[in-house]
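In: Predicted model and sequence follow; I will ask about them next.
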Amino acid sequence: MKFTRRNLIIAAALAGIAAGPVSAFAEGVLNVGSYPNNPPFEFKAESGNFEGFEVDIVTEAAKRAGMTVNIEGYDFQPLFAATSSGRIDAAISSITITPERLGSQSFTQPYYDSDMGVAAKTDGMVKGLADLKGKVVGVLSGSTGEKWSMENQAAQGFSEVKGYNTQQDVLLDLAAGRVDGVVSDVPGMDYAFTKMQGLAVVERIKTGEQYGLMMTKDSPLLGKINDAITEMKKDGTLQAIHKKWFGTDAPADSSTAAEAPMPKA
């Protein structure tokens with residue numbers, strides 16, 4: 001058979017169509033995107049495998065739904081496009097459930113309660129939020145910390161809100177003095193500061209934030225995974241995972257322990 005350039009292009013396109021769904025939507029596999037440097041929620045171990053609080057949650061939930069998981073690394077902001085496009089089924093990365101996000105994403109019931117906080121150098125002049133007036137604030141791009149900082153920039157008098165692609169980069173710039181403070185989720189920063197000396201959370205910002213598993217909008221898998229999380233709360237599995245990674249039991253009335261309704265837009 002004689003192959004023309006047109007034949008080759010069509011053959012390549014058909015091969016791509018045939019291969020794509022098999023790799024992206026293998027039956028019985030929950031494809032998960034995860035930010036790879038967000039301990040203790042998720043991080044890549046020396047083995048190259050993902051580990052952490054949310055990794056254990058999604059792995060156990062998938063198992064109860066009769067599935068295995070395949071976890072791929074993403075920067076934080078691209079996770080939203082990946083779930084929206086169906087490139088992945090779900091995303092983990094201490095993702096706060098918000099009304100805006102529910103417009104384009106679906107979430108399971110929450111499984112972790114959190115607040116934001118202000119981090120600064122322990123030997124610096126910033127001792128709280130008020131001290132950031134006229135200062136540069138660092139944030140993780142696409143996060144609720146960025147959203148809060150942008151919305152409150154005028155009221156708080158921040159001279160600049162500077163976005164970063166990774167939490168590590170923004171905290172390294174804080175340590176180097178290239179930003180004066182960082183606004184981000186408290187648990188992740190507290191954990192980071194067990195490894196990074198000279199930085200601390202100097203003030204909490206009460207937001208009532210809750211984390212859930214983010215999934216493609218109206219995913220057919222959403223109900224199964226949400227039901228599995230309900231089971232994990234009822235039988236104490238989620239509480240055991242919390243104790244493994246945080247060293248304490250979550251409060252009985254927290255979203256880690258108590259069943260909650262699935263969020264609606």
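Out: Sure thing, it's come through.
In: Glu100 looks like it's in a helix, true?
Out: Yes - using DSSP: H, G, I helix; E, B strand; the rest coil, the assignment for Glu100 is a helix.
In: how far away is it from Ala90?
Out: Using CB to CB, to the nearest Å, Glu100 is found at 19 Å from Ala90. Placement of C-beta: from N, CA and C, glycine included.
In: which one of these two has more residues nearby?
Out: Legend: neighbour count by other CB atoms under 10 Å for Glu100 and Ala90, higher for Ala90 (29 against 10).
In: pretty sure that one contacts Lys224?
Out: No - when contacts are counted by CB atoms under 8 Å, Ala90 is not listed as touching Lys224 (11.4 Å).
In: Which parts of the protein are strands?
Out: 29-34, 37-38, 42-44, 50-51, 68-73, 90-92, 105-107, 112-121, 136-140, 160-164, 181-185, 199-211, 214-216 (DSSP state E).
In: ranking those strands by mean pLDDT, which is last?
Out: Among those, strand 37-38 carries the lowest mean pLDDT, at a mean of 89.
In: List the strands paired with that strand, with their directions.
Out: Strand 37-38 has the following strand partners under DSSP bridges: strand 42-44 (antiparallel).
In: count of residues packed around Asp113?
Out: When neighbours are counted by other CB under 10 Å, Asp113 comes out with 16.
In: roughly how far apart are the closest residue to Lys44 other than its chain neighbours and Leu213?
Out: Leaving aside its chain neighbours, Lys44 sits nearest to Pro36 (4.6 Å; criterion: CB to CB, 6 or more residues apart in numbering). Pro36 sits 17 Å away from Leu213, going by CB to CB.
In: Looking at those two, which is more packed in?
Out: Neighbour count, other CB under 10 Å: between Pro36 and Leu213, Leu213 has more, with 27 against 17.
In: Give me the spatial nearest neighbour of the more buried one, chain neighbours excluded.
Out: Thr108 (4.3 Å).
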